[in-house]
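1. just a sequence and a predicted model for now, questions to come.
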Amino acid sequence: MTNIRRKAIDNITRVFDVFVMLITFTFSLYYHSPIEISRNLIGFFSYKLSLINIISLLLLVWGWLYLFTSFGLYQARRFSNIIKEWFDTIKAVTVGVLLVGAVSVAFGRNNVKQEVLLTFWILCGLATIVERWLFRQYVLHLRSSGRNLRHVMFIGSNPRAIELAQKVMSRRELGYRLVGFVDDEIRHDLPRGPKAKIICTLDKLPDFLEKHVVDEVYIVLPVNKYYEKIRYIIKLCQDLGIVCRVPSNWFEIQTLHTAAFDLEDEPILTVYTGSPHQLEYLWLKRLIDMAFSSISLLLFSPFMVIIALFIKLTSPGPVFFKQERIGYNRRKFNMIKFRTMVQDAEAMQADLEHLNEADGPAFKIQDDPRITRIGRILRKTSLDEVPQLINVLKGDMSLVGPRPLPVRDVEGIEKRWQKRRFSMRPGLTCLWQIGSRNQMRFEEWMKLDLEYIDCWSIQLDLKIIAKTIPVMLRGTGQ
């Protein structure tokens, strides 16, 4: 796509975004207007269209476009995930509605009430998502039908370059037309197709780019061998105004992900493991944690008082049990639970080590003699874990995540790959807890923790929470 086409699509998207915002905002005001004003549209608009309202409307349009631009909603989204675009849209609309409410309060605009803002937020968020999805489908249709295509070239014909070319060219909706491969070596295992061939050597690349239509260049050469040549090609593409793309996973580690950002004009490449969504949506996970833990603590507070009384009446000692655990990136914190064991249970553990039924560094005894009568009931129903909602609210833990291990267990972990479990905030529940739990070997437990980290998403968290509830109700928890 040329810059002119890119700008045209951006401008069309802006028009649709503003149109949706104005329609939903107007409807929200109209719907919640006084009865005598909202009887007919003519009376409504004659009441609303004053000079100050027109100026406010123009400022609203400008602010809305600025906000959407700040959230990256007008960047090229040829490769972007539609779910990410939806989340970015909701974030932008949410901030926009909050700003509208704040400005309305500051200037005493009594007609923009809470119900107006709530209606506006729901309608505008949904309508903008639908509008952008329809527009995306239209653009994808154009690309799939052979229009609005970009001519792409791959520098290198090694197996990695071929694999990348196959991935890119198999997705017709991306709108690419293959120019060919550039390499000094002649290969016979290139993808099938009339354009899947070596079109020139690396030395002839400048002449080829100056004489042919090429919109994008993918450089897929070994960095250690072709470092200077890669620098030269990037500079060449810069001089010719050609988009240059370089795969960021230079180290070819399967679980490695990268993300780029600028730090005072210094480009920084972030290399991390885990889910590719972690850097983008962990803020939403934290928001859900705070909301859920706050509401749950309020709802459970009467039951917590009753449980505390039972513990106090049936066993000497404190109501709560606090133990130092290892959390996010090895941060230490005091985990809170209802006490389910006799007093000084930790001091008795050394005498019970020979009864340990768990493999690895974990310590588990099926019929632990230290557990009290009320403690056995609390453990069976997982009610002893409820106070950990305080840890969730404080930020030490999350609703879902690898279970926090005691210092003793962590010191016993010998395999380095198992320690990657600390790269995620520990949780109340996780994958292994909705399975066979005590019957699981320690290494399988660690693998499930890493599977959760590598596949993490908000949807996965909600799925685990939904499966945890029946486990608690059936009393099959540990």
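-> Okay, I see it.
2. residue contacts, Lys113?
-> His32 (C-beta atoms under 8 Å, 6 or more residues apart in numbering). Where C-beta positions appear, they are placed from N, C-alpha and C, glycine not excepted.
3. show the average pLDDT along stretch 95-108.
-> Taken as a whole, stretch 95-108 has an average pLDDT of 77.
4. just the helices in the stretch 351-478 of the chain please.
-> Secondary structure of the stretch 351-478 of the chain (DSSP state H, counting those that start in this stretch): helices located at 373-381, 388-394, 407-411, 442-454, 458-474.
5. run a quick neighbour tally on Lys312.
-> For Lys312, the count of nearby residues is 14 (other C-beta atoms under 10 Å).
6. next, the angle from the strand or helix carrying it to helix 373-381.
-> Assigned by DSSP states H and E, Lys312 belongs to helix 278-314. Helix 278-314 runs at 150 degrees relative to helix 373-381, counting by axes from the mean of the first three to the mean of the last three C-alpha atoms, to 10 degrees.
7. any idea how far helix 278-314 is from the chain center?
-> 23 Å (C-alpha atoms, centre = their mean, to the nearest Å).
8. offset the numbering so it begins at 378, please.
-> With 378 as the first residue, the last one maps to helix 655-691.
9. show me what counts as buried in the next helix or strand after that helix.
-> For helix 655-691, the following helix or strand on the C-terminal side (DSSP H and E) is strand 697-703. Counting neighbours by 16 or more other C-beta atoms under 10 Å, one finds that the buried residues in strand 697-703 are 698, 702-703.
10. contact partners of strand 697-703?
-> 709-718, 723, 764, 781-784, 787, 799, 803.
11. if we can go back for a sec, quick one: closest of the helices of the stretch 728-855 of the chain to Glu730.
-> helix 784-788 (10.2 Å; C-beta to C-beta).
12. quick one: mean pLDDT for the closest one?
-> 91.
13. any idea how far Val493 is from Ala469?
-> Distance of Ala469 to Val493, computed by C-beta to C-beta, to the nearest Å: 19 Å.
14. same check on Ile835?
-> 29 Å.
15. among those two, which residue is more densely surrounded?
-> Val493 (23 against 16).
16. tell me if that one really is in a helix.
-> Yes. Assessed by DSSP: H, G, I helix; E, B strand; the rest coil, Val493 belongs to a helix.
17. got a list of contacts for stretch 842-855?
-> 756-759, 776-777, 805-806, 810-811, 814-815.
18. which among those gets closest to Gly618?
-> The closest of the contacts of stretch 842-855, once distances to Gly618 are taken by C-beta to C-beta, is Val777, at 47.0 Å.
19. does that closest one touch Arg802 like I think?
-> No. Under the criterion of C-beta atoms under 8 Å, Val777 is not in contact with Arg802, lying 9.3 Å apart.
20. neighbour-wise, which of the two wins?
-> Val777 (27 against 23).
21. can you tell me which residues contact the more buried one?
-> 804-807, 829, 837-838, 841-842.
22. and the residues you listed, which two are furthest apart?
-> Leu805 and Leu837 (14.8 Å).
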